[in-house]
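[1] The following block contains a protein sequence and its predicted model.
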Amino acid sequence: MMMAKKWAKFLRDFENFKAACIPWENKIKAIESQFGSSVASYFLFLRWMYGVNMVLFILTFSLIMLPEYLWGLPYGSLPRKTVPRAEEASAANFGVLYDFNGLAQYSVLFYGYYDNKRTIGWMNFRLPLSYFLVGIMCIGYSFLVVLKAMTKNIGDDGGGDDNAFNFSWKVFTSWDYLIGNPETADNKFNSITMNFKEAITEERAAQVEENVHLIRFLRFLANFFVFLTLGGSGYLIFWAVKRSQEFAQQDPDTLGWWEKNEMNMVMSLLGMFCPTLFDLFAELEDYHPLIALKWLLGRIFALLLGNLYVFILALMDEINNKIEEEKLVKANITLWEANMIKAYNASFSENSTGSPFFVHPADVPRGPCWETMVGQEFVRLTVSDVLTTYVTILIGDFLRACFVRFCNYCWCWDLEYGYPSYTEFDISGNVLALIFNQGMIWMGSFFAPSLPGINILRLHTSMYFQCWAVMCCNVPEARVFKASRSNNFYLGMLLLILFLSTMPVLYMIVSLPPSFDCGPFSGKNRMFEVIGETLEHDFPSWMAKILRQLSNPGLVIAVILVMVLTIYYLNATAKGQKAANLDLKKKMKMLQLLVASHKYPASPEKVHFALLFQICESPANKHCGASVFLFYP
Amino acid sequence: MGSKQTVFTHEQLEAYQDCTFFTRKEIMRLFHRYQDLAPQLVPLDYTTCPDVKVPYELIGSMPELKDNPFRQRIAQVFSDDGDGHMTLDNFLDMFSVMSEMAPRDLKAYYAFKIYDFNNDDYICAWDLEQTLTKLTRGGLSAEEVSLVCEKVLDEADGDHDGRLSLEDFQNMILRAPDFLSTFHIRI
């Protein structure tokens, strides 16, 4: 009894502690009271992402970066850990570091630094195994956490009778109780009134299709333009990546700032301007604002997805080039080693006291390292994305607000109500940007373990910066159209992006050979061989035998079959329960009718018997039948 | 854990944590908010369970409530005598139900009571008219208001008695996707 009480007390203290740890509660409250729940939902989403990234950061930092830093060989001891002699002079320049070359490249931040020794340090920490497993765990954890958030929200969806309670929901759920600001309240009252008026008009007027053909033609035209834009942006990115490869061959001093950052700027600018183009094309289409918003979101999603995949394709091209280059470099290195040995033997034969053979690691010729290159590309993309976002907010929101506020006194028309006025907070754009940035993190973190850490910094500063920008420069929306019926729309997109971003990573792990000269898997044929190696060395032989039996194809097929059957069975059960649910609801309605009709004696007996027969028929309603009999003794 | 406080006994705090969805820190914070509404009226020592009610005018002027068209109904529903003057227990109860930790069914129950202006346990056409007028601040014409009330009764009245019972209301509101996110006050 005492134990139970103490346990309950401990649980309660733990809950208190957890609640105290939740950050930024006051900021979000301030935003909610001024802008309402839909704008605040973006910040709640940002906070949730911060939590997920924190876990990823802790995993990669404590299990990959920290062991290597503490117990791995230090900088300068191996060729892969040292800046090559040719680049040494400029290795600490800011320009070079900003590009994540030089000293930043040869550090724990990237894949190439890690050594492929099976164990390191006095604890015999198995670094290659840890690297591989942490990568897989990060992906698994992300899937779990997104699915858990989605299933928590499934109950909220309410079964999807979209129009059954249209007016009732408008009356009882349109006021946002979070509002605590008179201006926002005014806006809300106006928007609710307009909403009602629109609904009443729609209810009264019949839908008269005016000039169907013109509308259809205009919509076809708009879609055609959208396709052109998507194709154009895809081609632009491909061209920019190819150009950046050419620039990489040239001497870095001859390139200006634009050439060096061209590809990242192109991607960020496309992400910024194409949505406005889509908005313009949507004018042709003349849809209801809610439907237009869904089309806009779908198009922006397709744009960002297309950009991402073109980027990956171009990257794959580059990776294949590097793998080809490896073979050449291998041949060169054997030649170089042969020369060194000849020189050493020559010096040894001349004087009898031979000096030990030593070549400084910086002078050893290097193989190309495609994994580090991939990591660097993603890190650069993330950094440039952040900068573009902040600059856009500063110029687009802050400077515009300053201009409107201060030039309003000496301008011909009212700047605040006409054009340009203050900006509204673009919820969907921001959420999509957040989702796609997270996709890039998921893609790049296997090759650059520092990426979750960089993202944490980014989300942290974003929270403060965007909170400030929203409170200072934005106004609450005049008309609120939520893109989704529930939060599941954005979570569903996040899940899709997670799936699409982990596919290329898994493909690269499974089918590409790791570089021979860098990283924890160098020397192996494929990266996943580290598992087989661990099984052989670290586990007793009987375990290895059992696991080998488990991977017998016959057994695997049987397991897959059982899983498919289970899914089918659960699906059928769920459908059956939904049908039984609907059935019970119908019965309840008829029961209510019966109770009502009992008060107004029309022909109660007929209804009574009809109902009883109905109820007794269906087997799922034994309880219902019993309660009817109780009702009418 | 935490600082020693002298406002409540240990048992009182535990009881509050049992009856509301708040943590210890939040309860203390809420108490100070309550106290700040009427510093002369509310004592700083609640160990003797004083019988103190803060009048509705002060409650309705809280920043979280002052722009809400239903603030009077909310205060009336959660006060002991239905007059809007709230004790500390009522105050905590109110914010606990309106917080995001409260389950849907509880919120639906209290929402029903809030929108039932004449307290007859049914939302009749008159209640709907009152709700609508408060919601649009008189922006709709009388004809539009009656049309909307008619539509609502059409949609949600399951037993066709011309008014919404608690079951009808719950049946309708629990399916609404926005209900949880709008029926929420953060304090």
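    Happy to help now that I have it. Numbers count the residues shown, from 1 in each chain, chains lettered A, B, ... in the order given.

[2] Next one: residue A:306 relative to residue B:48, how far apart?
    70 Å (C-beta to C-beta, to the nearest Å). (Each C-beta comes from the backbone N, C-alpha and C, glycine too.)

[3] for whichever strand or helix holds residue A:190, packing partners?
    Element membership of residue A:190, judged by DSSP states H and E, is helix A:182-204. Here helix A:182-204 touches helix A:25-35, helix A:166-173, helix B:125-136, helix B:142-156, going by 3 or more C-beta pairs under 8 Å, 6 or more residues apart in numbering or on different chains; DSSP states H and E.

[4] helix, strand or coil for the residue positioned nearest the centre of chain B?
    With distances taken as C-alpha atoms, centre = their mean, residue B:74 lies nearest the centre of chain B, 3.9 Å away. Put simply, residue B:74 is helix when judged by DSSP: H, G, I helix; E, B strand; the rest coil.

[5] what residues are up against it?
    Going by C-beta atoms under 8 Å, 6 or more residues apart in numbering or on different chains, residue B:74 touches B:65, B:68, B:94, B:98, B:114.

[6] Pull the number of nearby residues for the residue nearest to the fourth one when sequence neighbours are not counted.
    In other words, residue B:98. Excluding the flanking residues, the one nearest residue B:98 by C-beta to C-beta, 6 or more residues apart in numbering or on different chains is residue B:185, at 4.0 Å. For residue B:185, the neighbour count with other C-beta atoms under 10 Å in any protein chain shown is 22.

[7] Where does residue B:185 fall, secondary structure wise?
    Counting by DSSP H and E, residue B:185 is found in no helix or strand.

[8] same check, this time on residue A:218
    Going by DSSP H and E, residue A:218 is in helix A:212-249.

[9] Looking at residue 104 now. What's its pLDDT?
    All of this is about chain A. Residue A:104 carries a pLDDT value of 83.

[10] I was after chain B.
    89.

[11] same thing with residue B:38?
    Residue B:38 is given a pLDDT of 91.

[12] tell me, what residue is most central in chain A?
    residue A:438 (3.4 Å).

[13] any low-confidence regions in the chain?
    Just so you know, I chose chain A. A:154-163, A:205-210, A:251-254, A:289-290, A:348-357, A:418-420, A:477-487, A:589, A:592, A:596-633 (pLDDT under 70).

[14] Please refer instead to chain B.
    In chain B, residues with pLDDT under 70: B:1-3.

[15] nearest residue to the residue in the stretch 1-150 of chain A that chain B sits nearest to other than its sequence neighbours?
    Nearest residue of the stretch 1-150 of chain A to chain B (C-beta to the nearest C-beta) works out as residue A:16 at 4.3 Å. Closest residue to residue A:16 apart from its sequence neighbours, by C-beta to C-beta, 6+ apart: residue B:23 at 4.3 Å.

[16] what residues are up against the one you found?
    So residue B:23 contacts A:15-16, A:19-20, B:17 (C-beta under 8 Å, 6+ apart).

[17] which residues of the stretch 351-500 of chain A fall in helices?
    For the stretch 351-500 of chain A, the helices defined by DSSP state H, counting those that start in this stretch cover A:370-392, A:400-407, A:427-444, A:451-473, A:488-511.

[18] Which one of those lies nearest to chain B?
    Closest among these, using C-beta to the nearest C-beta: helix A:488-511, at 9.6 Å.

[19] if we look at that closest one, which residues are touching it?
    Outside helix A:488-511, the residues that touch it by C-beta under 8 Å, 6+ apart are A:45, A:135, A:139, A:142-143, A:146-147, A:149-150, A:153-154, A:156-157, A:301, A:305, A:308, A:312, A:319, A:374, A:431-432, A:435-436, A:438-440, A:442-443, A:446, A:483-484, A:526-528.

[20] tilt between the helix holding residue A:218 and helix A:370-392?
    Following axes from the mean of the first three to the mean of the last three C-alpha atoms, to 10 degrees, one obtains 120 degrees for the angle between helix A:212-249 and helix A:370-392.

[21] what's the angle between whichever helix or strand comes after helix A:212-249 and helix A:427-444?
    Using DSSP H and E, the helix or strand that follows helix A:212-249 towards the C-terminus is helix A:257-285. For helix A:257-285 against helix A:427-444, the angle by the same axes, to 10 degrees is 140 degrees.

[22] Looking only at helix A:257-285, what residues are buried by neighbour count?
    Residues of helix A:257-285 classed as buried by neighbour count (16 or more other C-beta atoms under 10 Å in any protein chain shown): A:260-268, A:270-272, A:274-275, A:277-278, A:281-282, A:285.
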